[in-house]
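J.: what's the 3D shape of this:
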Amino acid sequence: MQFKCKECNEDFSNKRSLHTHIKKHKLLLGDYYVKHFPRFDKLTGDPIGFKGFDQYFSSNFNNNANMIEWCGSAPQQDVRDFILEEFKQKIEEKSLAKAPSSIYLKTAGLPTVDIIKNVFGSYSALCAEVGLDVAFGARLDDEFFKDYSDVDIFVDTRENHPLLFKNATTMKLDFGDYSLTAKDYSYTHVERKSWQDFALTVTSGHKRFLRELERCKRAGCFLFIVVEIDFLDIESVNYAAFKRVNLDYVFHQMRDVESQYPETCQFIFSGSREDSMSLIPKILCLGKRLWRVDLQYFWEKHLKDHGLGKRKSKTAQTFRRYKPKNLAKRGIFGGG
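T.: Alright, predicted model coming up:
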């Protein structure tokens, strides 16, 4: 493939050589591509901001809010064509074998499950059109809403800040932080993470985490990674933190894990530590009945309907006071 400089028409054999050459014209890459390959937000008509080559040429909007608003106001056929094109491109780009979860869609800038349902009738209908099996297409069992606070739970001995369940016993677990005792064991485990722990786990701790998932997979078990933050709060919490993380990179790594292990794990942002106390026993008790449920999708609706997310301010304050001592060396934190 040939790459031609639009400033002087010189040809190059690869993109890297072209990018090196562009500097000789005293142009930044963003200025060069915006000048010669202008792209515009489908909602506002504003120029697409340049953050990188792949981002620029794959973006149709400057932010998710614009994409969501456009999907709600544009002709349905246009929205349908846009969604199909975006999904086919993502499948090819990432070699997806299973349809991604709702949290994958959100963090990848793809149309949400609710938008897809409005256009196609169901998420599975879209997946059928693009030739993908649905990884998390099961419905949520009504028994999920029962009270499971009295269940006997094993807590891993290495859990630093264990949740205070009524009937908890410490035990060294092969993977995860929480599981049920032998009489109720459901082959289901939960890994509890604070926001900072989660960011480190999927970035600098990525290889170690994949080894844990391999052990889980070989044992025929499933791991839910419960992150104690409201997904809607992540940007503000990160902005206020002593050291900020590169959110794009963190979520890219999370999506990479999901795409590798769709039958072994899923991520869920619980809302807060208090919400995790309610959620984790439900996960453990229902076990395999939740392995194919997009739990993040239903849990967000549960928080919204029951007001549990109102406790999030306490969690956000805790994160703001937290000042990691050596995380800047890990390569995922920027200034701030």
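J.: any idea how far L28 is from K35?
T.: Distance of K35 to L28, computed by C-beta to C-beta, to the nearest Å: 10 Å. To be clear about C-beta, it is placed using only N, CA and C from the backbone, and glycine gets the same treatment.
J.: Sketch out the strands for the stretch 151-300 of the chain, chain order is fine.
T.: Counting by DSSP state E, counting those that start in this stretch, the stretch 151-300 of the chain has strands at residues 152-155, 167-170, 178-180, 188-193, 222-227, 244-245, 265-269.
J.: Tabulate those in TSV, adding columns for distance to A65 and mean pLDDT.
T.: Rendered in TSV, the data for the strands of the stretch 151-300 of the chain read as follows (distance: least, C-beta to C-beta, whole Å; pLDDT from 0 to 100):
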stretch	distance to A65	mean pLDDT
strand 152-155	40	97
strand 167-170	42	95
strand 178-180	36	97
strand 188-193	27	98
strand 222-227	23	98
strand 244-245	21	93
strand 265-269	19	98
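J.: and R16, which of those is closest to it?
T.: Distance to R16, taken as C-beta to C-beta, is lowest for strand 244-245 among the strands of the stretch 151-300 of the chain, at 27.4 Å.
J.: Domains in the chain, by residue range?
T.: Each structural domain of the chain that the record assigns through automatic domain parsing is listed here as a residue range: 3-58, 73-134, 142-334.
J.: Just to check, Q76 is in contact with I115?
T.: No - using C-beta atoms under 8 Å, Q76 makes no contact with I115, being 10.9 Å away.
J.: ok, and the helix or strand in this protein with the lowest average confidence?
T.: Among the secondary structure pieces of the chain, namely its helices and strands, helix 312-321 has the lowest mean (mean pLDDT, DSSP states H and E), a mean of 34.
J.: quick one: which of Q76 and I115 has more around it?
T.: Just comparing Q76 and I115: by other C-beta atoms under 10 Å the higher neighbour count belongs to I115, 17 against 10.
J.: Wait, a strand at the more buried one?
T.: No - the assignment for I115, made by DSSP: H, G, I helix; E, B strand; the rest coil, is helix rather than a strand.
J.: Tell me, how many residues neighbour the spatially closest residue to H21 that is not a sequence neighbour?
T.: Among residues not flanking H21 along the chain, C5 sits closest, at 5.9 Å (C-beta to C-beta, 6 or more residues apart in numbering). Around C5 there are 17 other residues, counting by other C-beta under 10 Å.
J.: I'd say C5 and H19 touch.
T.: No - the pair C5 and H19 does not pass the contact test of C-beta under 8 Å, sitting 10.1 Å apart.
J.: Could you dump the strands of the stretch 151-300 of the chain into JSON lines with distance to F40 and mean neighbour count added?
T.: Output for those, formatted as JSON lines (distance: least, C-beta to C-beta, whole Å; neighbours: other C-beta atoms under 10 Å):
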{"stretch": "strand 152-155", "distance to F40": "53", "mean neighbour count": "20"}
{"stretch": "strand 167-170", "distance to F40": "55", "mean neighbour count": "12"}
{"stretch": "strand 178-180", "distance to F40": "48", "mean neighbour count": "24"}
{"stretch": "strand 188-193", "distance to F40": "39", "mean neighbour count": "25"}
{"stretch": "strand 222-227", "distance to F40": "35", "mean neighbour count": "25"}
{"stretch": "strand 244-245", "distance to F40": "29", "mean neighbour count": "20"}
{"stretch": "strand 265-269", "distance to F40": "32", "mean neighbour count": "25"}
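J.: Out of those, the one nearest L84 is which?
T.: Closest approach to L84 among these (C-beta to C-beta): strand 265-269, 25.0 Å.
J.: how far off strand 188-193 does the closest one point, in degrees?
T.: For the pair strand 265-269 and strand 188-193, the angle between their directions (axes from the mean of the first three to the mean of the last three C-alpha atoms, to 10 degrees) equals 50 degrees.
J.: what's strand 265-269 packed up against?
T.: helix 102-107, strand 222-227, helix 247-260, helix 295-306 (3 or more C-beta pairs under 8 Å, 6 or more residues apart in numbering; DSSP states H and E).
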